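K.L.:
Return a 3D structure for these sequence lines:
(one chain, ligands or ions: 1)
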Amino acid sequence: MEKDTSFLFSGITFNRKKFASDFARFKEKKEDDDLVETSSLVENGSSAIEEVVRVDKKRKRKAARSGKFSHWFSDPVEGFSVFTSSKSKAIDELGDHNEDGNLQQKKEYHRQLEEGCSFRKTHNIHVSGSNIPSPLQDFTELRSRYNCKFYLLRNLTEMGFKEPTPIQRQAIPVLLSGRECFACAPTGSGKTFAFICPILLKLKHASKDGVRAVILCPTRELAAQTARECKKLAKGKKFYIKLMTKQLTKSADFSKLPCDILISTPFRVQFAIRKKKLDLSKVEFLILDESDKLFELGLVEQVDAVVKACSNPSILRSLFSATLPDTVEELARTIMHDAVRVIIGRKNSASELIKQKLIFVGSEEGKLLALRQSFTESLNPPVLLFVQNKERAKELYNELKYDDIRADVIHADLSQIQREDAIDNFRSGKTWVLIATDVIARGMDFKGVNCVINYDFPDSAAAYIHRIGRSGRAGRSGEAITLYTEADVPFLRNVANVIAASGCEVPEWIMALPKKKWRKHRPQRDSISTKGEEDD
Ligand SMILES: Nc1ncnc2c1ncn2[C@@H]1O[C@H](COP(=O)(O)OP(=O)(O)OP(=O)(O)O)[C@@H](O)[C@H]1O
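P.N.:
Numbering: from 1, shown residues only. As a prediction, this is how the structure comes out:
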């Protein structure tokens with residue numbers, strides 16, 4: 001049994017003066033927004049991934065016969081097949097010169113390799129693959145190495161980005177050198193710009209020749225956020241950047257609608273493809289953001305359809321997420337070639353900027369008591385409260401709405417406008433405590449969330465990492481508190497491992513619990529409501 005519940009928020013003091021700058025941030029009304037609902041599932045047994053593998057194999061066989069493109073054949077590196085032998089190719093190319101010059105070039109080549117290695121070590125960048133481009137020392141290298149246009153550098157500066165984050169340092173050169181990227185980096189570490197930046201750089205300028213880049217996100221809200229970030233980075237340059245809205249899916253004629261970069265959930269793209277409204281045969285970049293989520297049952301069929309439709313043989317496909325299980329790597333191997341694997345820190349780990357705690361509350365009733373007590377003692381908004389499902393979100397909201405904590409709720413039963421308002425109010429500081437389901441657990445960038453509370457224990461270690469990752473973003477510190485009851489004890493160890501791996505304390509008895517093969521942990525929980533139905 002853990003300490004008494006008043007420790008729930010120990011270390012957090014709701015002090016307006018002290019946190020004046022945080023409150024000031026609240027006041028800044030952000031432009032537009034996001035809110036979600038996961039795409040509905042579509043039944044489709046087709047296996048385009050299989051088709052892609054078949055076509056790839058055929059292509060490789062043909063290439064092998066002609067002696068061309070031998071770099072398509074795989075060198076397994078650190079357990080991940082990177083269909084290439086471009087390193088030896090790069091050194092071979094040096095062999096065309098005379099011996100002295102060749103020696104010098106080889107020395108220089110090895111010096112650069114060593115420099116790259118030690119720089120990566122400093123920034124906790126782990127790579128596998130061959131002939132991997134050296135990481136960016138700073139953003140100015142985008143100009144010196146890749147002839148980046150000024151508008152992009154200016155926009156990075158305007159956004160206040162002084163230097164690239166580790167994932168940006170490595171993933172940007174990988175994509176710019178025409179390689180596919182399999183990337184895993186902590187939540188809030190700048191993965192979005194790591195793929196947007198090279199896409200803008202490579203596409204150079206707007207064109208009316210059809211869609212050239214597709215970014216898939218698992219939720220509408222995340223797609224909307226990504227489209228906004230993309231427009232921010234492209235500011236001052238004419239690009240056709242389109243968010244696939246319901247309206248666009250239904251009414252747009254994409255053969256006439258200029259679109260360079262299409263950002264969408266897989267469901268909507270698949271719908272447009274089915275209606276024969278969308279031609280993706282010229283797509284040069286396909287990004288699967290939150291790719292482990294996209295590869296989950298229900299979404300993978302839709303993703304499959306999109307992968308199949310992006311039939312350009314020279315397409316670059318890349319995967320990004322904060323959690324990439326081995327099963328996803330295996331699946332990725334079937335659709336990627338010449339890929340570089342980039343891992344920042346440890347794979348599948350939480351951001352080290354978040355102070356994490358587990359709190360035992362005995363029963364469902366204990367949760368509400370603990371929460372109220374801690375809110376009375378100290379509250380440092382904005383706070384995100386995650387629950388297991390929308391019914392529980394409504395129940396908890398009904399309990400808290402009359403408390404003096406400016407609570408609001410977001411779940412899939414609300415209209416799009418209501419969901420957007422809930423997010424908007426949370427971002428602007430009108431709402432202090434937002435009760436949410438996992439629908440906003442991934443990718444959503446609320447910069448100032450001070451504390452995430454898992455009111456209900458998350459249903460997997462990955463869900464835990466993404467939920468708490470709404471705090472502690474872009475270099476800020478954050479706090480995560482996970483409440484657990486007797487029913488959650490068998491599943492504690494998996495989350496405890498994540499907590500311990502990021503350097504936070506976990507009681508020894510929890511680390512001694514047996515490891516559990518964990519599918520989804522969604523126990524039947526007692527109702528949160530303390531009022532009878534007639535009270536509602
Ligand atoms: N180079 C940079 N310097 C400072 N801030 C940055 C930089 N790159 C991105 N950011 C900011 O960091 C925040 C988090 O970025 P982003 O949303 O891309 O994270 P992420 O890694 O995709 O997180 P998640 O896994 O939760 O989706 C954003 O507010 C973004 O503006």
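
K.L.:
can you give me the strands in the stretch 351-500 of the chain?
P.N.:
In the stretch 351-500 of the chain, strands defined by DSSP state E, counting those that start in this stretch lie at 354-362, 383-386, 407-410, 433-436, 451-454, 478-485, listed in chain order.

K.L.:
what comes into contact with the first one?
P.N.:
Pointing back at strand 354-362 there. Residues outside strand 354-362 that contact it (CB atoms under 8 Å, 6 or more residues apart in numbering) are 1-2, 5, 7-8, 11, 350, 367, 369-370, 452, 468-469, 471-472, 477-486, 492, 495-496, 499, 502, 504, 506-507, 510. Quick note: C-beta positions are derived from backbone N, CA and C, even for glycine.

K.L.:
hmm, try it at 7 Å
P.N.:
Applying CB atoms under 7 Å, 6 or more residues apart in numbering, the set of residues contacting strand 354-362 from outside is 1-2, 5, 8, 350, 367, 370, 468, 471-472, 478-485, 496, 499, 502, 504, 506.

K.L.:
That strand and the ligand, any residue contact?
P.N.:
No: among the residues of strand 354-362, none lie within reach of the ligand under CB under 6 Å from any ligand atom; the closest is 11.7 Å away.

K.L.:
Dump that strand to CSV, restricted to CA.
P.N.:
Coordinates of each C-alpha in strand 354-362 appear next as CSV, following Å, rounded to 0.1, in the frame of the first residue of the first chain:
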residue,chain,number,x,y,z
ILE,A,354,8.4,14.0,-16.9
LYS,A,355,8.4,13.2,-13.1
GLN,A,356,6.3,10.1,-12.8
LYS,A,357,4.5,8.6,-9.8
LEU,A,358,2.2,5.6,-9.1
ILE,A,359,-0.4,6.1,-6.4
PHE,A,360,-2.5,3.3,-4.8
VAL,A,361,-6.1,4.3,-4.2
GLY,A,362,-7.7,1.0,-3.2
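
K.L.:
hang on, the earlier thing: reformat the strands of the stretch 351-500 of the chain into TSV and put mean neighbour count, mean pLDDT and distance to residue 139 next to each item.
P.N.:
Putting these into TSV (neighbours: other CB atoms under 10 Å; pLDDT from 0 to 100; distance: least, CB to CB, whole Å) gives the following:
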stretch	mean neighbour count	mean pLDDT	distance to residue 139
strand 354-362	22	94	27
strand 383-386	26	97	31
strand 407-410	24	96	35
strand 433-436	26	96	34
strand 451-454	26	96	31
strand 478-485	23	95	26
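
K.L.:
Need these in CSV (columns: distance to residue 329).
P.N.:
Written out in CSV, the entries for these read as follows (distance: least, CB to CB, whole Å):
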stretch, distance to residue 329
strand 354-362, 25
strand 383-386, 27
strand 407-410, 32
strand 433-436, 30
strand 451-454, 27
strand 478-485, 27
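
K.L.:
so which of the ones you listed gets nearest residue 423?
P.N.:
Of all those, the one in closest proximity to residue 423, counting by CB to CB, is strand 407-410 (6.8 Å).

K.L.:
and the residue of the stretch 251-400 of the chain found nearest the ligand, how far is that from residue 346?
P.N.:
For the stretch 251-400 of the chain and the ligand, the shortest gap (CB to the nearest ligand atom) falls at residue 322, measuring 4.0 Å. Residue 322 sits 11 Å away from residue 346, taking CB to CB, to the nearest Å as the criterion.

K.L.:
Around the ligand, pick out the residues from this structure.
P.N.:
Residues of the chain lying near the ligand (CB under 6 Å from any ligand atom): 161, 164-165, 168, 185, 187-193, 322, 443, 445, 447, 469, 473-474.

K.L.:
now do 8 Å
P.N.:
If contacts are counted using CB under 8 Å from any ligand atom, the residues of the chain sitting beside the ligand are 139, 156, 159-165, 167-168, 185-194, 222, 225, 229, 289-290, 320-322, 442-445, 447, 466, 469-470, 473-475.

K.L.:
Please pick the buried ones from the residues you listed.
P.N.:
The neighbour-count test (16 or more other CB atoms under 10 Å) marks 139, 156, 161, 164-165, 167-168, 185-194, 222, 225, 229, 289-290, 320-322, 442-445, 466, 469-470, 473 as buried among the residues of the chain next to the ligand.

K.L.:
Take those and keep only those in helices.
P.N.:
156, 167-168, 191-194, 222, 225, 229, 466 (DSSP state H).

K.L.:
want to try CSV for those residues, with pLDDT as columns?
P.N.:
Written out in CSV, the entries for those read as follows (pLDDT from 0 to 100):
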residue, pLDDT
156, 97
167, 98
168, 98
191, 98
192, 98
193, 98
194, 98
222, 93
225, 93
229, 96
466, 97
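
K.L.:
of those, closest to residue 284?
P.N.:
When those are compared against residue 284 (criterion: CB to CB), the nearest one is residue 194, at 17.1 Å.

K.L.:
Identify the residues contacting that closest one.
P.N.:
Under the contact definition (CB under 7 Å, 6+ apart), the residues listed for residue 194 are 167-168, 171-172, 183.

K.L.:
Closest to the ligand out of those?
P.N.:
Checking those one by one against the ligand (CB to the nearest ligand atom), the nearest turns out to be residue 168, at 5.7 Å.

K.L.:
Tell me how far that closest one lies from residue 154.
P.N.:
In terms of CB to CB, residue 168 sits 17 Å off from residue 154.

K.L.:
What of residue 261?
P.N.:
Separation of residue 261 from residue 154 (CB to CB) stands at 19 Å.

K.L.:
Comparing these two, which residue is more hemmed in?
P.N.:
For residue 261 versus residue 154, the count of surrounding residues by other CB atoms under 10 Å is larger for residue 261: 27 against 12.

K.L.:
I'd guessed the more buried one sits against residue 216; true?
P.N.:
No: with contacts defined as CB atoms under 7 Å, residue 261 does not count as touching residue 216, sitting 11.9 Å away.

K.L.:
what about residue 145, how many neighbours?
P.N.:
16.

K.L.:
go on, residue 134?
P.N.:
Residue 134 has 18 neighbouring residues, counting by other CB under 10 Å.

K.L.:
Against the ligand, how distant is the residue nearest to it when sequence neighbours are not counted?
P.N.:
On the basis of CB to CB, 6 or more residues apart in numbering, the spatially nearest residue to residue 134 that is not a chain neighbour turns out to be residue 116, at 3.8 Å. Computed with CB to the nearest ligand atom, to the nearest Å, the distance linking residue 116 and the ligand is 19 Å.

K.L.:
Wait, a strand at residue 116?
P.N.:
No: residue state for residue 116 (DSSP: H, G, I helix; E, B strand; the rest coil) corresponds to helix; a strand is not indicated.

K.L.:
ok, it touching residue 136?
P.N.:
No: with contact defined as CB under 7 Å, residue 116 and residue 136 do not form a contacting pair (10.6 Å).

K.L.:
quick one: which of these two has more around it?
P.N.:
For residue 116 versus residue 136, neighbours defined as other CB under 10 Å are more numerous around residue 136 (22 against 18).

K.L.:
In terms of helices and strands, where is residue 215?
P.N.:
According to DSSP states H and E, residue 215 maps onto strand 213-216.

K.L.:
Averaged pLDDT, that strand. What do you get?
P.N.:
Per-residue confidence for strand 213-216 averages out to 98 on the pLDDT scale.

K.L.:
Need the contact partners of that strand.
P.N.:
Around strand 213-216, the neighbours that count as contacts under CB under 7 Å, 6+ apart are 199, 203, 226, 260-264, 266, 269, 280, 283-289, 294, 303, 306, 310.
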